[in-house]
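Enquirer: next come a sequence and a model predicted from it.
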Amino acid sequence: MALSAGDVQFIYSVLANSLSADAATRQPAEALLAQCEARQGFCSCLLAIITSRGEESDDDVRLLAAVHLKNCVTRCWRNSVDSPAIDNEEKVYIRKSLLLNMREENGKIALQLAALISRIVYFDYPKEWSDVFSVLAQQLQTSDVFTSYQVSTVLFRSLKKLSKKRLAFDQRNYSEITVYLFDYIWNLWKSNAQIVLQNFSVLSQHNSSLDQSNDLLLIYERWLVCLKIIRELICSGYASDSTTMQEVCQIKEVCPVLLGAIQSILPYYPFFKERQAKPWSHAKRACIKLMKVLIILQDKYPYSFAHETVLPAAVDFCLTMITNPEQADTSFEEFLVQCMVLVKLVLECQEYKPGQIGFEAVGSSEHAIFYQRKNNLSATASSMVMSVLPADRIMLLCDILIRRHFIYTATDMNEWHSNPESFHHEQNLLQCTEKRRPCAEALFIILFDNYRVQLAPFVASIIHDVKAVSPPLEIEITAGMLLKEAAYTAAGHVFDELSKYLSFDEWFCGYLSIDLSNGNPNMCIIRRRIALLLGQCAFEIKGVIQKEVCDALVGLLGDQDMAVRLAACSSLCYAFRVFGIWEVDLLECIPTCWAMCFKLIGAVQEFDSKVQVLSFILVLLNYVGDDRIIPFVSELSQFFLKITYHNDQALVRKHTSPAYKTWEESSGECLLQIELLDAIRTFISSLGYNSPLCYGMVLPILQYGMDVDSPNTLNLLEDTVLLLEATLSNAPSIVPQLLDCFPYLVGIMNGSFNHLEIMIKIIEHYIVFAGSDLLQSHATSLESILDTIVGNADDKGLLTTLPIIDLLVLMFPQEVPPLISSALQKLVFISLSGGDEHYPSRTAVCVTSAAILARLLLLNRDFLAQLLSEPALIARFQQAGINQNLLLLLVDWWINKVDDASSIEKKVYAMALSVILTANIPGVIEKLGDILSDDTISSLPLSDDPEYSNTSKEFKKAQIRELDPIRKASLVDMLRENLKECAALHGDAVFNAAISRIDPLVIAQLWQALEIG
């Protein structure tokens, strides 16, 4: 039943109740709202509540109604399976009412309405709501500034939402919207800009704070929203000119005006900063947003931006802001960052590099013209860049970046001294668009890459100059010390290009090593930078000095400043990867490295620091490797044990020894524990067959990580299972403590098959290396695991699992089949259910399952007979409509699917069929022709045993396979004897009659192979 205007008050009361803190009131109301959502008229009632402003209407209820209406439109505006669509008449009413009620003084409700209208526009434009943008444009012209501001917000949200449609038809529609709206919005923005500038001028003439009218504030906000609309109209209305080669005229119209607005507003910034907080904030915000729009337009329309009125002026202005010290008062860090970003984009823009675009092998003259035009535009843009960046200005920019913008500020130094560890990571994580220094570094790298021939000797000269202004043994933080740090930073970024002008050996021995010898706390600035520098230069370090560099970095691991220690750790982690190919043996450094790491891991507090140290230890493990790690096993085991238990309270409670209790300092860091498990796995692999030396550390971790009842199972299980597999792979034998881990696999498999492949490898390890002990101690667990897998896994999982069932039957033909009877019954049903040629994996499962049953017939015939006569199994087949003898069905399967089997499976099939000939079962003799036909036994190479592929198997498993009685048995001898027994069992007359029905040529070939006269 539809809701009507008379139900508005009822819906209002339900909404009010759903806001109640009392669950008894709230929950029924929420359920009732969910029921009402499917009724026609519900959205109209919500809209009536939203638009009913006054003292009698609670804004919280109105806001909730707006949220419900937005969500209801999202779900029900279009037809779907889950919910009926809103009636068309109601849609028309909602669209019309929304446009008539956009003046909403509650900001939160206004935002919800803007989002709501944008979603309807997304659904209905242009088909059902073709006039929405013309109506919005008309309402934007109202003299009511507040309404105009809200309309501009709705317009922007609608355009942004609509821009997400990417079909060609939708793109054409958007281009038409751009043509329709752009001129009006652009003119409105320019007129608002004049009002904003006039307001700033008036405010600047007063020394004291002066309140701005509400209308002026709204005009300012509308001005910024219109800026976003202009950006959206251009960027979504026109394709990038780098692909179309079509000039976007709006770029040369808009960009100079935006740049002019920045230049007009910027001088007010320092004045307002001292006197008027709100205008100061407005000026700052406007300059940043205007510059960001310039950056966006340059990035998407590089050729249109490369206009004589745009690119030179914009780049010149930005360079002036970056390099001119007189602009220091009028600029601010966030704005400087945007200026650097724009210059960086221009310098790295591939469209501005002539000769980068070739047009060889172009298929048509049209394409040739296209690429020629592209190259011409690139040449024009390049000449513009050259005109605004002559050689002297390139040098100046490089010099200013290093000497001014690379320098740590007082704020940086305060952050460093208050928390060196946090400062170190923050410096590594900062993006080049966030802070001045990383942005300046990114700009420097691009600048150097473009002008390396000019700048390489210049940068080298700066490095030489800082030797004089900052002596190695100074103890105060001076301007010279900060400049030295900046110069070393620059060198680290581009050292591979400085080798002609700066000898690393001389620099290190003559200056860097001396700087490092100064242990004064204030010199940590230089020590940290040198630590990072040595890592950056690792590939350039040659000869015997490699050892000195390594010693220097190891020494810095023990520095008193945490930022220096972490920098050294980071560089060592990288450098040791390079050292691995050096001719210098650094093994003697390893004990000190590990000792320092053990101390460092105990001193750091942050997760990133711990991961960094663990990463270095992993690199060291890979570097040392094999037998050389043996002397360090005890220390490393204690370290891993300490840090592992250092991070989990539950393990501390489980184990009460002093070593375990060291785990309690920072519990719950699962990501760190995952890193630890990875490091321990590498440790185990490095030890190889010596891995039992660390079992005291590994086994408790394995038991905890595989316990499905432990609190961190979800996070740690995968890595713990991988650790167990690595432990078993490197174990010389399965000790009882490792065997005791097997029952944990039951809970894991009952939970999910996410780790099935690695779990099967683990089970195979247990079977191969401890088969008898496994059956003696954990037979029930093994049976439960296999039954769970066979009963629930998909074809891929079954194909992974069946080989270990086959291996078990091979190794323990008498003991295992009764144990896994339930799983084997499932295999019988799987085998006889038949494969599907459209699903090869299902056929492969059936073929492999049938081969296991064939092996069971050969090795334990009595049990197979018992298995096939199980009442439960027979009943299951009867339910599937199968009432035949199950053994004869298996015989048919072996005969029909022999071509799909592998070589060993074919031999198993053949032997099983041979044995069947001796069975006194009605119907067997009738199948003699099929068994001996050219497609089954007669087609097999009876004189050759099939080969096993052991290329990826352990030696122990190969030995087991070598003892396989089926592998060793002669199919020729078995078939000869079984044919004789078959003839004796059925009589010569019956046997010869069956033989006579077979192709004489096939029989002749078979008799010859069997040497039967």
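Expert: All right, it came through fine.

Enquirer: center of the chain - which residue?
Expert: Leu671 (14.5 Å; Cα atoms, centre = their mean).

Enquirer: that one: which element?
Expert: Leu671 is part of helix 670-687 when elements are defined by DSSP states H and E.

Enquirer: could you give the angle of the following helix or strand past that helix to helix 670-687?
Expert: Using DSSP H and E, the helix or strand that follows helix 670-687 towards the C-terminus is helix 695-705. Angle, helix 695-705 to helix 670-687, by axes from the mean of the first three to the mean of the last three Cα atoms, to 10 degrees: 140 degrees.

Enquirer: got the buried residues for helix 695-705?
Expert: Residues of helix 695-705 classed as buried by neighbour count (16 or more other Cβ atoms under 10 Å): Tyr695, Met697, Val698, Leu699, Pro700, Ile701, Leu702, Gln703, Tyr704, Gly705. The C-beta positions use only the backbone N, C-alpha and C, and glycine is treated the same way.

Enquirer: Serialize those to TSV and add fields for pLDDT and distance to Ile462.
Expert: Converted to TSV, those look like this (pLDDT from 0 to 100; distance: Cβ to Cβ, whole Å):
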residue	pLDDT	distance to Ile462
Tyr695	90	57
Met697	87	51
Val698	90	53
Leu699	91	58
Pro700	88	56
Ile701	88	52
Leu702	90	56
Gln703	89	59
Tyr704	86	55
Gly705	87	53
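
Enquirer: closest to Phe508 out of these?
Expert: Nearest to Phe508 among those is Met697, at 39.4 Å by Cβ to Cβ.

Enquirer: isn't that closest one right up against Leu641?
Expert: Yes. Using Cβ atoms under 8 Å, Met697 is in contact with Leu641, at 4.4 Å.

Enquirer: would you map out the domains in the protein?
Expert: 238-388, 755-901, 910-1013 (automatic domain parsing).

Enquirer: comparing those, which gets the lowest mean pLDDT score?
Expert: Per-stretch mean pLDDT for these is lowest at domain 910-1013 (a mean of 70).

Enquirer: burial count for the closest residue to the residue nearest to the centre of the chain other than its chain neighbours?
Expert: Distances taken as Cβ to Cβ, 6 or more residues apart in numbering place Phe607 nearest to Leu671, at 6.6 Å, with adjacent residues excluded. Close neighbours of Phe607, defined as other Cβ atoms under 10 Å, add up to 14.

Enquirer: residues contacting the closest residue to His765 other than its chain neighbours?
Expert: Closest residue to His765 apart from its sequence neighbours, by Cβ to Cβ, 6+ apart: Leu728 at 3.9 Å. By Cβ atoms under 8 Å, 6 or more residues apart in numbering, the residues touching Leu728 are Ile734, Leu738, Ile762, His765, Tyr766, Phe769.

Enquirer: can I get stretch 634-647 in CSV, CA atoms only?
Expert: Extracted C-alpha coordinates of stretch 634-647, given in CSV (Å, rounded to 0.1, in the frame of the first residue of the first chain):
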residue,chain,number,x,y,z
SER,A,634,72.5,-19.7,19.4
GLU,A,635,72.5,-15.9,19.3
LEU,A,636,70.0,-15.7,16.5
SER,A,637,67.6,-18.3,18.1
GLN,A,638,67.7,-16.3,21.3
PHE,A,639,67.0,-13.1,19.4
PHE,A,640,64.1,-14.5,17.4
LEU,A,641,62.6,-16.0,20.6
LYS,A,642,63.0,-12.8,22.5
ILE,A,643,61.4,-10.5,19.8
THR,A,644,58.7,-13.0,19.0
TYR,A,645,57.6,-13.4,22.5
HIS,A,646,58.1,-9.7,23.0
ASN,A,647,55.1,-9.3,20.8
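
Enquirer: that older thread, gap between the residue nearest to Leu671 and Cys235?
Expert: Phe607 sits 39 Å away from Cys235, going by Cβ to Cβ, to the nearest Å.

Enquirer: what's the answer for Ile904, then?
Expert: From Ile904 to Cys235 the distance is 65 Å (Cβ to Cβ).

Enquirer: ok, now Glu977?
Expert: 85 Å.

Enquirer: please apply the same query to Val388.
Expert: 25 Å.

Enquirer: where do the helices sit along the stretch 501-650 of the chain?
Expert: Per DSSP state H, counting those that start in this stretch, the stretch 501-650 of the chain carries helices over the ranges 504-507, 513-517, 524-536, 545-556, 562-579, 590-603, 607-624, 633-645, 649-654.

Enquirer: picking up where we left off before, and the residue nearest to His765, what's its pLDDT?
Expert: With respect to pLDDT, Leu728 scores 93.
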